[in-house]
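S.K.: Below is the sequence, then the predicted model.
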Amino acid sequence: MSRGKPSSLAGEGGGRHSRAPGEGEATRATPLSRARGLRHTMTDAEHGLWRILRNRQFAQTKFRRQVPIGPYIADFVCYEARLVIEADGGQHADSASDAARDAWFARTVFACCGFGTMTFSRTPRALP
């Protein structure tokens, strides 16, 4: 056995003590990274609603999309009006978790307005 080589027990990368990104345990997604991912996978109804809300086209107010607020990610939020708009699909009908989300937003002084995606898809100009 020569002195310059590590023993076979050291294995590949035996000298490393930390893991490189993508190795070993999965990393937890942060709320911000989850929100960024949701921006790229918006539903057709969310895209339609975003076309109306973006660039201060709706009531001259600035909206942001897929924003982490507390434990939730709001579909659309206007900070100056303290308004959250949720474009909820059929899977959200009478959802207890959606009711909890809306109550949380109300406690944090955000008005929460939800639209069913089918309703919005049929009448996109039905916004108040």
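M.R.: Perfect, I can see it now.
S.K.: The chain: strands as residue ranges?
M.R.: Taking DSSP state E as the criterion, the chain carries its strands at 64-69, 72-78, 83-88, 111-116.
S.K.: mind listing what the third one pairs with, with the direction of each?
M.R.: Sheet partners assigned to strand 83-88 using DSSP bridges are listed as strand 72-78 (antiparallel), strand 111-116 (parallel).
S.K.: partner residues bridging residue 113?
M.R.: Bridge pairing for residue 113 - DSSP bridges - gives residue 85.
S.K.: what number of residues lie near it?
M.R.: 14 (other CB atoms under 10 Å). For glycine as for every other residue, the C-beta is placed from the backbone atoms N, C-alpha and C.
S.K.: Name the residues of the top helix by length along the chain that are buried.
M.R.: In the chain, taking DSSP state H as the definition, the longest helix is helix 96-107. Buried residues in helix 96-107, counted by 16 or more other CB atoms under 10 Å: 98, 101, 102, 105.
S.K.: what do you get for stretch 45-54?
M.R.: 45, 46, 48, 49, 50, 53.
S.K.: any idea how far residue 87 is from the first one?
M.R.: In other words, residue 45. 5 Å (CB to CB, to the nearest Å).
S.K.: what's the pLDDT at residue 55?
M.R.: Per-residue confidence (pLDDT) for residue 55: 92.
S.K.: quick one: contacts for it?
M.R.: Counting by CB atoms under 8 Å, 6 or more residues apart in numbering, residue 55 touches no other residue.
S.K.: What's the separation between it and residue 65?
M.R.: 12 Å.
S.K.: Residue 110 now?
M.R.: Applying CB to CB to residue 110 and residue 65 gives a distance of 15 Å.
S.K.: Lowest average confidence across helices and strands of the protein, where is it?
M.R.: Of all the helices and strands that make up the chain, helix 117-122 has the lowest average by mean pLDDT, DSSP states H and E, namely a mean of 53.
S.K.: What is the burial count for residue 38?
M.R.: Residues near residue 38, counting by other CB under 10 Å: 17.
S.K.: Leaving out the residues flanking it, which one is nearest to it?
M.R.: Excluding its sequence neighbours, the residue lying closest to residue 38 (CB to CB, 6 or more residues apart in numbering) is residue 66, at 4.4 Å.
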